[in-house]
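Visitor: quick one, fold the following:
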Amino acid sequence: EALSLALLRRRQLWIRHRKRGDGGETERTVSPQRLVHYRYNWYLDAWCHLRKDLRVFSVDAIRAAAVREEPAREVTDESLDRVLGAGYGIFAGAETQVAVLRFTPEAARWVADEVWHSRQVGRIEAGGSYRLELPYSREPELVMDLLRHGVGVEVLGPPALRERVARELAAAARQYA
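Guide: You can find the predicted model right below:
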């Protein structure tokens, strides 16, 4: 209720938010901009007054919220889209890298018809494999989506993304050794 009121009244919002990484909690004052429904979850796009930058907060991780009297800082839709819509998935940032992926011919039958990002570039290569290039800001969600394809995908670049996926796959394989 507090999120909706703050959005409608264009007021700042105090939140206590659980951090996914370590399970700790943080308190912030934010200027709510919009609610976004993504992959069956709700997220609050907001200007964070502590970090002095745009941030995305998972609504289900907000433990407490209270509307403040101060007016919310207004951020244009263009700015929100430029920063929060630049990279792959819900993890946002204005600065992006390009993931270069090669899917096997078997996986290509599925992936070639999917839209992973509005600015992706994909093509079928000789032999039926599928090369996909897409921008991303942070790795977590992209890595999770790549892992579901297992041996059906190879990360060609950048090297840091390739190494991260290799580490995750090696750790998973050790659980079954």
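
Visitor: burial check on the closest residue in space to residue 61 that isn't next to it in sequence, number of neighbours?
Guide: Of all residues not flanking residue 61 in the chain, residue 18 sits nearest, at 4.5 Å (CB to CB, 6 or more residues apart in numbering). In this view, the C-beta of every residue, glycine as well, is placed from N, C-alpha and C. Neighbour count for residue 18, taken as other CB atoms under 10 Å: 16.

Visitor: quick one: contacts for residue 18?
Guide: Listed by CB atoms under 8 Å, 6 or more residues apart in numbering, the contact partners of residue 18 are 24, 25, 61, 62, 63.

Visitor: which non-adjacent residue is nearest residue 54?
Guide: Residue 54 sits nearest to residue 83 (CB to CB, 6+ apart), 5.0 Å away.

Visitor: same check, this time on residue 10
Guide: residue 72 (4.8 Å).

Visitor: my read: the one you found touches residue 5, true?
Guide: No. Using CB atoms under 8 Å, residue 72 is not in contact with residue 5; the gap is 11.4 Å.

Visitor: from residue 148, how far out is residue 132?
Guide: The gap separating residue 132 from residue 148 is 14 Å, by CB to CB, to the nearest Å.

Visitor: settle it for me: which of the two has more neighbours?
Guide: Between residue 132 and residue 148, residue 132 has the larger neighbour count (other CB under 10 Å), namely 21 against 8.

Visitor: report the distance from the helix or strand bottoming out on mean pLDDT in the chain to the chain centre.
Guide: Across the helices and strands of the chain, mean pLDDT, DSSP states H and E gives its lowest value to helix 77-84, namely a mean of 78. Relative to its parent chain, helix 77-84 has a centroid offset of 14 Å by CA atoms, centre = their mean, to the nearest Å.
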